[in-house]
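Asker: Whatever this is, show me its structure:
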Amino acid sequence: MPDIIDVSQDILPDPTLIDALRSELSPAEALKLLARLRDRVKENRTGLKRQADRFDKAYEEAVRGGLDAEGLVQLAEAVLQGERGAAERLYPWMEALKQTLGPRPDLHCRKAQQYLQELHDIAGASLTTYQSLRERLLKLASERRINAGGILRARPVEGDIDHQALSREFMARFPKIRAALAK
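Answerer: So this is what the prediction gives:
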């Protein structure tokens, strides 16, 4: 099942696209770039659907499978590791997209900004699918513990806490709070 969690090719960042957006463009180049943006949106949207389908299948497999609560927790930890890897790859892309969202008169502005926003949203949704799968697995583990009569106990955090990564995760998870803090 860990190979189901590795979806590194589903949502593809395209740094060359951002570099092209930041350069001066002729009208013909702008139209080509708009087409590339549209294609990237389609590809990433398809990749997000593939990822969500794989995660749904993984969850269904976990439900039907004979994994006990501890096995489900270990699977949820593997999903967390996959999420961290995806976040490490996608956060710089998302940040570059956000910075590029400024007005550009030479890029058929509304359409380009719409595509950039969609790319940003798709990348964020990709990370959300990891969180959703992990939460569903942990809930299933909790239910199986309760059904087995097990006692639920919190485990202390081991090792150093990466406060910056934790802050980034919370900021991505709670956009309304981020907006309120920005004011």
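Asker: so what pLDDT did the residue nearest the centre of the chain get?
Answerer: Taking C-alpha atoms, centre = their mean, the centroid of the chain lies closest to residue 127, which sits 1.8 Å from it. Looking at residue 127, its pLDDT reads 92.
Asker: Same question for the helix or strand where it lies: list its buried residues.
Answerer: Of the helices and strands defined by DSSP states H and E, residue 127 is found in helix 109-147. Judged by neighbour count (16 or more other C-beta atoms under 10 Å), helix 109-147 contains these buried residues: 112-113, 115-116, 118-123, 125-127, 129-130, 132-134, 136-138, 140-141, 144-145. For every residue, glycine as well, the C-beta is placed using N, CA and C.
Asker: can you check stretch 171-183 too?
Answerer: Residues residue 172 are the ones in stretch 171-183 that count as buried (16+ other C-beta under 10 Å).
Asker: could I get it in CSV with only the CA atoms?
Answerer: Included here for stretch 171-183 are C-alpha records, laid out as CSV according to Å, rounded to 0.1, in the frame of the first residue of the first chain:
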residue,chain,number,x,y,z
MET,A,171,-1.4,28.3,7.9
ALA,A,172,-2.2,26.1,4.9
ARG,A,173,-4.9,24.3,6.8
PHE,A,174,-6.7,27.4,8.2
PRO,A,175,-6.8,30.1,5.5
LYS,A,176,-9.4,32.2,7.3
ILE,A,177,-7.1,32.5,10.3
ARG,A,178,-4.3,33.4,8.0
ALA,A,179,-6.4,36.1,6.4
ALA,A,180,-7.4,37.5,9.8
LEU,A,181,-3.8,37.6,10.9
ALA,A,182,-2.8,39.4,7.7
LYS,A,183,-5.1,42.3,8.6
